[in-house]
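can't give you the sequence, but here's the structure:
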């Protein structure tokens, strides 16, 4: 097995891929290459884990211009972190030696909107399963309700999206003994990012825990 690439190198690949996506220079051959598909039969070694939202407008492989086998993608409404998501990240970093985990939120997130509506308007979902998603987003939003943001839904939504990403990042960094160990001993980095539907740009806004190769 090849040595895993560093978190810094993985982040550079994601930045470069998103730049290609935004500037309409995507490498469609990478995504459709028949030989690359056959090569995956020997196994996978994704260079980054993306924990993103299930929103149909935010497909990670496309917005980062990556092909088969490049990314280990976990998608769930609201990019929340529950035990199954933690386990999926643990699986990727322990089995495939992936050294970068990105929690990817996005503008106009429906799960965040539903949470704001539940908190400000009392519009709770009739589905307890949907409510369980909203309940995981609520702590990230509730702190803004005592500020002036409660009077500006657009600004509140923008702040809530980032707060929700940071809450998921914090959960991954400190909610798993295995992930904590990989951060401390193997150079794993868990960072947050936001995808702008309006521009296609991914903004990485969490600094690395430490500079290490």
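Okay, I see it. A quick note: this is a predicted structure, and the numbers were derived from the prediction, not measured.

mind showing which ranges of the chain have poor pLDDT?
Filtered on pLDDT under 70, the chain yields the residue ranges 1-3, 28-37, 39-43, 207-213.

Which helix runs longest in it?
helix 153-174 (DSSP state H).

hmm, who's touching the next helix or strand after it?
Counting by DSSP states H and E, the element after helix 153-174 in chain order, helix or strand, is helix 177-186. Outside helix 177-186, the residues that touch it by C-beta atoms under 8 Å, 6 or more residues apart in numbering are 86, 89-90, 93-94, 97, 99, 101, 172-174, 188-190, 209. Using the backbone N, CA and C atoms, a C-beta is placed for each residue, glycine as well.

And the buried ones among the residues you listed, selectable in PyMOL?
Those of the contacts of helix 177-186 that count as buried under 16 or more other C-beta atoms under 10 Å are selected in PyMOL with:
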select buried, resi 86+89+90+93+97+99+101+172+173+188+189+190
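
ok, which pair from the contacts of helix 177-186 is furthest apart?
97 and 174 (21.5 Å; C-beta to C-beta).

Need the phi and psi values for residue 56.
phi -60, psi -20 (degrees, to the nearest 10).

Ignore what I typed, I meant residue 204.
Main-chain dihedrals, residue 204, degrees, to the nearest 10: phi -90, psi 120.

buried residues in the longest helix of the chain?
Buried, per 16+ other C-beta under 10 Å, within helix 153-174: 156-173.

quick revisit: out of the contacts of helix 177-186, who's nearest residue 59?
Closest to residue 59, out of all of those and judged by C-beta to C-beta, is residue 101, at 18.0 Å.

Quick check: the closest one touching residue 191?
Yes. Assessed by C-beta atoms under 8 Å, residue 101 is found in contact with residue 191 at 7.4 Å.

Residues contacting stretch 134-151, please?
By C-beta under 8 Å, 6+ apart, stretch 134-151 touches 78, 80-82, 111-112, 114-116, 118-120, 124-125, 155-156, 159-160, 163-164, 166-167.

repeat that for 7 Å
Stretch 134-151 has contacts (C-beta atoms under 7 Å, 6 or more residues apart in numbering) with 78, 80, 82, 111-112, 114-116, 118-120, 125, 155-156, 159-160, 163-164, 167.
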